[in-house]
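>>> missing the sequence, but the structure's below:
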Ligand SMILES: Nc1ncnc2c1ncn2[C@@H]1O[C@H](COP(=O)(O)OP(=O)(O)OP(=O)(O)O)[C@@H](O)[C@H]1O
Ligand SMILES: [Mg+2]
């Protein structure tokens, strides 16, 4: 399933990404890169642009300027249908609230991404149960999300995000709605499975305890990477906090 | 921390000799600084003098003499009292980081203080990653996990303070040197 070549250790690269909502800039020239298997935390204060950055990197939002490349190929200029195919095949996405389909059982939820990419139902369901088992929630296979606790639902959501064995997992505050203990269990399992599979993880969080599960950290402050120089072309470059 | 009470605690379930206490201490408190042998013997002397422990038989197994110590009834009562005594949160908080920030603002400027805070943040986070790996290790015993958890939460408290101080360092600079 992987299209990453060995000559190109950088799986994901962003160069000088700019993104505004209307007139207010959310990202003012962000560059970063992640190598295969990197577990990278993206941290920073509320409103600093972390979620916007993640959406740009995952090809969900199109940046106003700058480039996003996956496996050496530029993706921000691709059409929506190409990007959504890429997301289906190569990316896993996970948000604070797992966004499971409430009418479907846990197994059906986890099997869904496989069904959407053409895997046969029987195989999809077998794989789904295997992934539920990996995250310690095999016994929930036939339950529906409204019958689950937040921690249980989030583990199902993690299984769903990883079932296609994506090259990159994008996770935005994946444990933000859980208590410390439940969050810990999700993070321990998520990072262990990702490291075993060589999955690159981009983990957005404002919580240092969550960031500590990553190998390194990029801090976003006011739409720029802390420590980076704000490009002169950026109109809002005047009000950086620590200058 | 009172080393005497800790040794009483380690002796409460059965008699031990000094070297054994040293090993027990490391095993039970894996993240604590190891106790020096000299400190253990000095503490045992004091406990003996106060009648909180009693010296028993001396084992001689090839090596040096090893005296076994056991907790007396009085020692046990003192241990129980100490265990149920609430530790008062200390009135003065020693915060070396805050002292450095204040002095940096007094003798240099905001940029120096902010640089220090950012470097300190990285050092804290590095230690936090180490402790998180200890905690996430599937083979780690629970005592180590609990100790790592304590370290992580204390580092986290510092990190939160560092983050909020980074946000306020500009204001703070103005207040310290108007
Ligand atoms: N859909 C939107 N429409 C308009 N403005 C938005 C939108 N999403 C985000 N913003 C603005 O863009 C900036 C960056 O927001 P973003 O959600 O990326 O921050 P964040 O770092 O993820 O914050 P948090 O930690 O609170 O989740 C903020 O000023 C926010 O108000
Ligand atoms: Mg966000």
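Arrived safely. Here the structure is a predicted model, which is why all the values come from computation and not from measurement. Ligands and ions are numbered 1, 2, ... in the order given.

>>> going forward, measure contacts between C-alpha atoms and count neighbours the same way
Fine.

>>> torsion angles phi and psi at the residue positioned nearest the centre of chain A?
Compute the mean C-alpha point of chain A, and by Cα atoms, centre = their mean the closest residue is residue A:170, 0.7 Å away. The phi/psi pair for residue A:170 (degrees, to the nearest 10) reads phi -100, psi 120.

>>> quick one: the helices in the chain?
You didn't pick a chain, so chain A it is. Assigned by DSSP state H, chain A shows helices spanning A:50-57, A:80-90, A:106-116, A:121-134, A:150-162, A:180-197, A:208-211.

>>> that's the other chain; I wanted chain B
Under the criterion DSSP H, chain B carries helices at the ranges B:3-11, B:18-28, B:37-49, B:73-84, B:96-107, B:110-136, B:142-176.

>>> nearest to residue A:30, of those helices?
Judged by Cα to Cα, the one of the helices of chain B that comes nearest to residue A:30 is helix B:110-136, at 19.1 Å.

>>> so who does the residue in chain B positioned nearest to chain A touch?
In chain B, the residue that lies nearest chain A is residue B:129 (4.6 Å; Cα to the nearest Cα). The contact partners of residue B:129, by Cα atoms under 8 Å, 6 or more residues apart in numbering or on different chains, come to A:212-215.

>>> ligand 1 versus residue B:151, what's the distance?
25 Å (Cα to the nearest ligand atom, to the nearest Å).

>>> please report how far that residue lies from residue B:30.
Residue B:151 sits 12 Å away from residue B:30, going by Cα to Cα, to the nearest Å.

>>> do the same with residue A:121
As judged by Cα to Cα, residue A:121 and residue B:30 stand 50 Å apart.

>>> what's the answer for residue A:50, then?
Taken as Cα to Cα, the span from residue A:50 to residue B:30 is 37 Å.

>>> the two: who's more crowded?
residue A:50 (28 against 16; other Cα atoms under 10 Å in any protein chain shown).

>>> pLDDT score for that one?
The model reports residue A:50 with a pLDDT of 96.

>>> next: residue A:6.
Taking residue A:6 on its own, its pLDDT is 50.

>>> just give me the residue right at the centre of chain B.
By Cα atoms, centre = their mean, chain B has its centre lying nearest to residue B:32, at 5.2 Å.

>>> what sits up against the helix or strand of chain B with the lowest mean pLDDT?
Lowest on mean pLDDT, DSSP states H and E among the helices and strands of chain B sits strand B:53-59, with a mean of 87. Strand B:53-59 is contacted from outside by B:8, B:44, B:47-48, B:65-72, B:75, using Cα under 8 Å, 6+ apart.

>>> how about stretch A:56-71 and ligand 1, any contact?
No: judged by Cα under 6 Å from any ligand atom, stretch A:56-71 makes no contact with ligand 1; its nearest approach is 9.9 Å.

>>> number of residues surrounding residue B:155?
Neighbours around residue B:155, by other Cα under 10 Å: 20.

>>> oh sorry, the question was meant for residue B:107
9.

>>> just send the helices of chain B back as TSV, with distance to residue A:202 and mean pLDDT too.
Formatted as TSV, the helices of chain B follow (distance: least, Cα to Cα, whole Å; pLDDT from 0 to 100):
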stretch	distance to residue A:202	mean pLDDT
helix B:3-11	44	96
helix B:18-28	37	92
helix B:37-49	48	95
helix B:73-84	45	96
helix B:96-107	30	94
helix B:110-136	16	94
helix B:142-176	21	93
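
>>> would you convert the ones you listed into CSV that also reports distance to residue A:205?
Formatted as CSV, the helices of chain B follow (distance: least, Cα to Cα, whole Å):
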stretch, distance to residue A:205
helix B:3-11, 40
helix B:18-28, 34
helix B:37-49, 45
helix B:73-84, 39
helix B:96-107, 24
helix B:110-136, 14
helix B:142-176, 13
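
>>> select, out of the helices of chain A, the one closest to chain B.
Taking Cα to the nearest Cα, helix A:180-197 is the member of the helices of chain A nearest to chain B, at 5.7 Å.

>>> in the closest one, which residues are buried?
Within helix A:180-197, the residues scored as buried using 16 or more other Cα atoms under 10 Å in any protein chain shown are A:182-194.

>>> which residue does chain B bring closest to ligand 1?
Closest to ligand 1 within chain B is residue B:163: 13.7 Å, counting by Cα to the nearest ligand atom.

>>> point out where chain A drops to low pLDDT.
A:1-8, A:98, A:227-243 (pLDDT under 70).

>>> just to revisit the earlier point, so which of the contacts of strand B:53-59 is surrounded by the most neighbours?
residue B:71 (26 neighbours).

>>> do you know how far that one is from residue B:8?
Plainly put, residue B:71 is 6 Å away from residue B:8 if you go by Cα to Cα.

>>> identify the contacts common to those two.
B:52-53.

>>> neighbours of residue A:62, how many?
22.

>>> name the residues of stretch A:70-88 that are buried.
Under 16+ other Cα under 10 Å, the buried positions of stretch A:70-88 are A:70-72, A:75-76, A:83-84, A:86-88.

>>> repeat that for stretch A:106-124.
Here stretch A:106-124 shows A:106-115, A:124 as buried, counting by 16+ other Cα under 10 Å.
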